[in-house]
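> Sequence first, then the predicted structure:
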Amino acid sequence: MRVATWNVNSVKTRLPRLLDWLAGTAPDVVCLQETKCPDGAFPVAEVGELGYTVASHSDGRWNGVAILSRVGLSDVTVGFPGQPGFPEPEARAISATCAGLRIWSVYVPNGRSPDDPHYTYKLAWFAALRDALAVELAGGQPATGGGLPLAVCGDFNVAPTDADVWDPAVFTYSTHVTPAERAALAALRDLGLTDVVPTPMKGPHPFTYWDYRAGMFHQNKGMRIDLVYASAPFAGAVRAAYVDREARKGKGPSDHAPIVVDVDLPPTAAE
DNA sequence: ATGCCCTAGCTCCTAGGA
């Protein structure tokens, strides 16, 4: 079973690259973020030709998350209980059951700057996510996948450690590295979730994002802000994980690279 | 080489990204 996550920065603009990547990488389940595409305009026919079913959740111009699956897609849940808004709830979370796994695709609020109301929103969003995941991990909502091996995949907009940014000094007064944001990640790990750290493929750091500006990708000045947080049964079955930095190359890429995770779940008998 | 910002829309500027 191959699970992937990718902030595509517009599914419509990225569609040719997405289709090529799906055909070449052959993931069973794909979490997408920043689809920036109204649900009715999602290219379901195009990805359908490659065997994928789609669950999407969008605001239109901003945000937007989706899950593509070729191994079944059921019990789709949009957002989560207690999800805060800015001021209205935004399209930043969707979850579904795929071949016996509970998969979440999340796009955590950016925060903008530590003194911005958006930063307070970001921390509140994390706290509500933690509470919702606690319920699901406890098996409290079996009708929507409670108790199944689970992975929360997506753009968390936090670099877990200083090694996850190309130059910590540059981010001294910035979001993505503050103690409060890192504590929010730690609170997720305290639920029993494991940070599935991917292989970088090049260089020592498994960065997943590089700014479009100033040749940052070419200098490998990136950040690791796209994460896979897996429950114990899921994490224990992970065979390999890597950052597909090839997808960040060439003309017209997203500013994020996909993460690909191979997991020995579910048992082949269940497929 | 991977090569020096991008996206969507109330579109010819603006807001948001991180």
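Thanks, I have it. Numbering: from 1, shown residues only, chains lettered A, B, ... in the order given.

> Name the residues that touch stretch A:237-255?
Applying C-beta atoms under 8 Å, 6 or more residues apart in numbering, the contact partners of stretch A:237-255 are A:4, A:6-9, A:13-14, A:17, A:21, A:25, A:149, A:196-202, A:206-212, A:217, A:228, A:230, A:256-265. Yep, even glycine has a C-beta here, placed from its N, CA and C like the rest.

> Quick one: end-to-end distance for it.
29 Å (C-alpha to C-alpha, to the nearest Å).

> Now do the buried residues in that stretch.
A:Ala237, A:Val238, A:Ala241, A:Tyr242, A:Val243, A:Asp244, A:Arg245, A:Ala247, A:Arg248, A:Pro253, A:Ser254, A:Asp255 (16 or more other C-beta atoms under 10 Å).

> Wondering if that stretch reaches DNA strand B at all.
Yes - with C-beta under 7 Å from any atom of the strand as the criterion, DNA strand B is reached by stretch A:237-255 at A:Lys249, A:Gly250, A:Lys251, A:Gly252, A:Asp255.

> Give me the mean pLDDT for that stretch.
Averaged across stretch A:237-255, the pLDDT comes to 96.

> cool, and stretch A:7-19?
96.

> Quote the end-to-end distance of that stretch.
OK, stretch A:7-19 end separation, C-alpha to C-alpha: 14 Å.

> How about residues contacting it?
Contacts to stretch A:7-19, defined as C-beta under 8 Å, 6+ apart, come from residues A:6, A:32-37, A:41-43, A:46-47, A:50, A:64, A:66, A:107, A:154-155, A:209, A:226, A:247, A:252-256.

> Also stretch A:71-84?
Against stretch A:71-84 from outside (C-beta under 8 Å, 6+ apart): A:1, A:28-29, A:53-55, A:57, A:67, A:89, A:91-99, A:121, A:124-125, A:128-129, A:131-132, A:135, A:143-145, A:271.

> for stretch A:169-185, same thing?
Taking contacts as C-beta under 8 Å, 6+ apart, the residues outside stretch A:169-185 that touch it are A:110-114, A:119, A:122-123, A:126-127, A:130, A:156-162, A:165, A:168, A:195, A:223, A:225, A:227.

> so which of the residues you listed are also by DNA strand B?
Within those, those near DNA strand B by C-beta under 7 Å from any atom of the strand are A:Asn110, A:Arg112, A:Asn157, A:Met223, A:Ile225.

> Around the residue of the stretch 1-150 of chain A found nearest DNA strand B, how many other residues sit close by?
Per C-beta to the nearest atom of the strand, the residue of the stretch 1-150 of chain A with the smallest distance to DNA strand B is A:Ser10, at 3.0 Å. Counted with other C-beta atoms under 10 Å, the neighbours of A:Ser10 add up to 13.

> Same check on A:Gly60?
The burial count for A:Gly60: 12, using other C-beta under 10 Å.

> What pLDDT does the model give the residue lying closest to it once chain neighbours are set aside?
The spatially closest residue to A:Gly60, leaving aside those adjacent along the chain, is A:Pro38, at 5.0 Å (C-beta to C-beta, 6 or more residues apart in numbering). If you check A:Pro38, the pLDDT there is 90.
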